[in-house]
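[1] Provided below for reference: sequence and predicted model.
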Amino acid sequence: MNCESLMRAAVAHLGPGVSSSAVAKKMRDEGVGFLPICDADDVVVGVVTDRDIAMRICAEGRLHETPVGEVMSRNLITCRPSDTIDRITELMSRHQKSRLVVVDEVGKLRGVVSLTDLAQCDQPLRVAVLLRQISAREFRMRAPHDI
């Protein structure tokens, strides 16, 4: 089984000039917390999460019309449609990401694969181990009294 058989190919995405409030509305309307940000040629230039909006717009007191290109994450972790499940889980584990953007050889958006998608492939032990590895960053960030 490979990434192409798991990924969601019809993925909403927006451009870097779109306001953060428009991105938040798109996330709400699509029922997602993660959107790829693409240039005019559909090449992925970043990603934004609902957490990015909360921490980089709301918490910093920025205007809701701030272009998402100013707050998106540019450090992309991507995979290819032909990547194996082993490759996907290795990338997610190493980079502690629960979602990966799937791109072609020139960086154009092909889809998104998530931890939820992996959970559907009937490998519960693998997904449980991966979830533990991904969530390890959150335990390191919390104070002992918060756990």
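    Nice, thanks for sending it over. Residues are numbered from 1 along each chain as shown.

[2] so V32 touches A12, yeah?
    Yes - at 7.0 Å, V32 and A12 qualify as touching, with contact defined as Cβ atoms under 8 Å. Yep, even glycine has a C-beta here, placed from its N, CA and C like the rest.

[3] pLDDT weak spots in the protein?
    Of all residues in the chain, those with pLDDT under 70 make up the ranges 122-128, 137-147.

[4] what are the boundaries of the helices in it?
    The residue ranges that make up the helices of the chain, judged by DSSP state H, are 3-6, 20-30, 50-53, 85-95, 115-119, 124-141.

[5] looking at those helices, which is nearest to H64?
    helix 20-30 (4.0 Å; Cβ to Cβ).

[6] show me how far that closest one is from its chain's centre.
    From the chain centre to the centre of helix 20-30 is a distance of 15 Å (Cα atoms, centre = their mean, to the nearest Å).

[7] remind me what it packs against, helices and strands.
    In terms of contacts (3 or more Cβ pairs under 8 Å, 6 or more residues apart in numbering; DSSP states H and E), helix 20-30 is packed against strand 34-38, helix 50-53.

[8] deepest in the core, which of these is it.
    strand 34-38 (a mean of 24; mean count of other Cβ atoms under 10 Å).

[9] out of the helices of the chain, nearest to D42?
    The minimum distance between D42 and the helices of the chain falls on helix 20-30, with 16.1 Å, by Cβ to Cβ.

[10] look up how far S135 lies from D50.
    Using Cβ to Cβ, to the nearest Å, D50 is found at 17 Å from S135.

[11] now the residue nearest to the spatial centre of the chain, which residues is it bridged with?
    In the chain, the centroid-proximal residue (Cα atoms, centre = their mean) is R99; its distance is 4.3 Å. In this structure, R99 bridges to S114 when assessed by DSSP bridges.
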